[in-house]
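Colleague: okay, predicted coordinates and the sequence, questions at the end:
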Amino acid sequence: MPWSSVPGLAAHERLDAMFHSLAGSFTHTILEWTAFCTAIFTVILAFLHFKIKRDTTTPIIGVALFCAGMMDAFHTLAADRLIEAVADNRNLIPFTWAISRLFNALILIAGISLFLVTRKRVLTGGLRFVLGTSAIFGVMAFGIIEYCATSAQLPQTMFPDSLITRPYDVLPLFLFLGGGLTVFWWFYRQQPGLFSHALLISMVAQVTVQLHMAFGSTGLFDNHFNIAHFLKIFAYLIPFGGLALDYVHAYTELDHEIIRRKHMENELRRHHDTLEETVEERTHALALAKEAAEVANRAKTEFLANMSHELRTPLHAILGFSSLGLEKIDTATREKMVKYLSLIKESGHRLLTLLNDLLDLSKWEAGRMTLNVQEGDLQEIVRAVEGQCAELLRANGLRMEIESTVGLPRATFDPERMTQVVKNLLSNAITFSPPGKTITVSFQATTVRVGRRSTDPTFRPGIALRIQDQGVGVPDGELATVFDRFVQSSRTKTGAGGTGLGLAICKEIVEAHEGTIWAENHPGGGAMFTLAIPLSSRSVPEPNVEIADGQSAGTIACGR
């Protein structure tokens with residue numbers, strides 16, 4: 001009897017009674033469609049995961065779940081008679097449920113087994129393998145749906161009075177249980193991850209669903225029936241959740257990889273810039289070194305040319321005047337003989353000085369020069385040199401004034417080498433001073449900076465010796481190079497002559513004593529050369545003035 005013809009019931013009461021009687025069908029429909037929607041989301045997410053990681057297992061399993069969801073959708077639509085099916089619902093609903101569960105278990109196990117057996121080909125097959133497998137699963141699902149929809153007589157699947165109320169659900173139960181213990185466990189061991197772990201856990205929900213159906217449900221839409229359908233949603237949601245977490249993890253790894261590569265690019269770019277700067281600096285340094293080498297080669301060439309001239313000139317003079325003396329030995333007057341012999345002697349001395357300078361320079365270059373260091377009075381060295389140069393001073397019409405200092409402490413030096421330095425400086429002062437002038441020599445206690453190549457130099461008490469002339473001075477542009485080797489001052493080339501080695505040797509000797517030497521032009525005219533050497537360790541005076549390199553006051557720094 002239709003609800004509309006039941007006597008004594010109002011229209012709304014008849015409607016409520018109708019919805020109450022169909023509540024089980026509505027619940028079944030909602031649960032099945034929720035499971036189907038979950039399967040749709042899972043397969044979409046599986047293909048997105050495949051797009052990122054190119055892992056073919058996730059789309060295959062996602063397609064398997066989707067095909068099972070299609071069976072569930074057909075099962076629901078057929079039960080609600082929204083699609084045409086000829087069989088009775090009492091057999092259609094439980095039979096299509098059992099078939100969809102069996103199909104679900106089989107294609108999940110088949111998909112994972114296919115991956116485990118042909119793993120290398122699966123991984124290299126890419127999208128074509130995924131689409132081919134999906135097509136096979138789809139054809140199988142469509143065939144089962146077609147059979148169920150067109151068959152008028154479907155086998156009975158429910159036996160309410162038996163221990164096993166739904167025998168057709170026992171086979172999916174064993175498939176899910178056996179697959180969880182073997183295939184899904186092995187898949188998790190071979191490819192550990194959130195998705196494979198979730199698949200393994202979902203087998204618990206699948207087994208629980210089958211237990212409710214095989215041993216609990218005795219009719220359509222009863223409690224065990226609805227509980228099983230509700231748990232089936234979890235059986236779909238657990239892989240979906242694992243896949244979502246795996247997707248997030250893969251995306252995070254991809255993001256980290258992008259950041260890492262950008263960091264590597266920045267590091268490479270920075271190293272490239274640093275390398276370019278280093279190459280530029282080294283190129284510039286090589287260019288400077290090449291330029292310096294070329295300058296040194298030119299200086300050596302000029303020096304050799306000058307030396308050849310300097311060597312030939314006194315030798316020619318010695319030979320020439322010796323010949324003249326021999327030719328006129330019987331007829332020449334005594335005065336001419338004295339003049340000739342004096343010129344020979346002077347030329348011999350110049351040649352001897354030049355040869356000694358060259359020998360000293362070669363020893364310094366080879367590192368074979370040794371010092372016989374001992375305590376001594378620097379003033380005594382100056383007085384001894386004054387006596388040696390007395391005749392030269394008189395010949396040039398010059399006077400020498402020594403400003404002695406009472407109580408000047410003793411220093412440590414090699415007397416022979418220090419005499420060589422003082423004599424060279426005094427000879428230069430005599431050479432470049434005009435007649436009638438006075439050469440001044442003065443002493444002063446000071447502080448000397450030792451360890452000129454050290455990053456943390458020390459300072460020791462010392463003695464400063466100044467030799468000042470009143471001559472033409474040193475051109476300002478040549479003060480920085482006056483102690484360089486193979487370099488002659490322009491005043492030498494235009495005036496008094498010289499070898500250009502004396503000052504370089506003086507610098508080597510002074511610095512070997514841990515001292516320093518420099519030149520400066522005096523404001524009143526002329527040049528002033530200053531050398532400073534440390535005192536003896538037993539003489540530690542209090543310096544009253546500190547002298548700076550190139551200045552009149554300050555701390556003496558070793559080197560120009």
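Modeller: Thanks, I have the structure now. Computed from a prediction, not measured in an experiment: that's the story for all the values here. Numbers count the residues shown, from 1 in each chain.
Colleague: can you pull the contacts of the nearest residue to residue 358 once chain neighbours are set aside?
Modeller: Of all residues not flanking residue 358 in the chain, residue 501 sits nearest, at 7.0 Å (Cβ to Cβ, 6 or more residues apart in numbering). The C-beta positions use only the backbone N, C-alpha and C, and glycine is treated the same way. Contacts for residue 501 (Cβ atoms under 8 Å, 6 or more residues apart in numbering) come out as 354, 357, 358, 361, 485.
Colleague: burial of the third one, as a residue count?
Modeller: Residue 358 is surrounded by 15 other residues when neighbours are defined as other Cβ atoms under 10 Å.
Colleague: helices along the stretch 151-300 of the chain, start to end?
Modeller: Taking DSSP state H, counting those that start in this stretch as the criterion, the stretch 151-300 of the chain carries its helices at 170-181, 183-190, 194-215, 223-327.
Colleague: buried deepest among the ones you listed, which one?
Modeller: helix 194-215 (a mean of 22; mean count of other Cβ atoms under 10 Å).
Colleague: how far out from the middle of the chain is it?
Modeller: How far helix 194-215 lies from its chain's middle: 53 Å, per Cα atoms, centre = their mean, to the nearest Å.
Colleague: residue 411 against residue 534, yeah?
Modeller: Yes - counting by Cβ atoms under 8 Å, residue 534 is a contact partner of residue 411 at 7.0 Å.
Colleague: mutual contacts of these two, please.
Modeller: residue 462.
Colleague: flag every buried residue along the strand ranked longest in the chain.
Modeller: What stands out as the longest strand in the chain, according to DSSP state E, is strand 438-450. In terms of neighbour count (16 or more other Cβ atoms under 10 Å), strand 438-450 has its buried residues at 439, 440, 441, 442, 443, 444, 445, 446, 447, 448, 449, 450.
Colleague: what do you get for stretch 42-59?
Modeller: Here stretch 42-59 shows 42-43, 45-46, 48-50, 53, 55-59 as buried, counting by 16+ other Cβ under 10 Å.
Colleague: which strands and helices sit next to the strand or helix carrying residue 379?
Modeller: Per DSSP states H and E, residue 379 falls inside helix 378-388. Helices and strands touching helix 378-388, by 3 or more Cβ pairs under 8 Å, 6 or more residues apart in numbering; DSSP states H and E, are strand 399-403, helix 415-431, strand 438-450, strand 458-468.
Colleague: and which of the contacts of residue 501 is nearest to residue 348?
Modeller: Using Cβ to Cβ, residue 354 comes nearest to residue 348 of those, at 10.8 Å.
Colleague: is it true that the closest one lies in a strand?
Modeller: No - looking at residue 354 with DSSP: H, G, I helix; E, B strand; the rest coil, it is helix, so not inside a strand.
Colleague: and it, how far from residue 502?
Modeller: Applying Cβ to Cβ, to the nearest Å, the value for residue 354 to residue 502 is 10 Å.
Colleague: and if you look at residue 101?
Modeller: 112 Å.
Colleague: residue 259 too?
Modeller: With distances taken as Cβ to Cβ, residue 259 is found 69 Å from residue 502.
Colleague: just checking, residue 115 touches residue 56?
Modeller: Yes - counting by Cβ under 8 Å, residue 56 is a contact partner of residue 115 at 7.3 Å.
Colleague: touching, residue 69 and residue 34? I think so.
Modeller: No - applying Cβ under 8 Å, one finds residue 69 not in contact with residue 34, separated by 10.3 Å.
Colleague: beta partners of the residue lying closest to residue 535 once chain neighbours are set aside?
Modeller: Among residues not flanking residue 535 along the chain, residue 461 sits closest, at 4.8 Å (Cβ to Cβ, 6+ apart). Beta-bridge partners recorded for residue 461 (DSSP bridges): residue 447.
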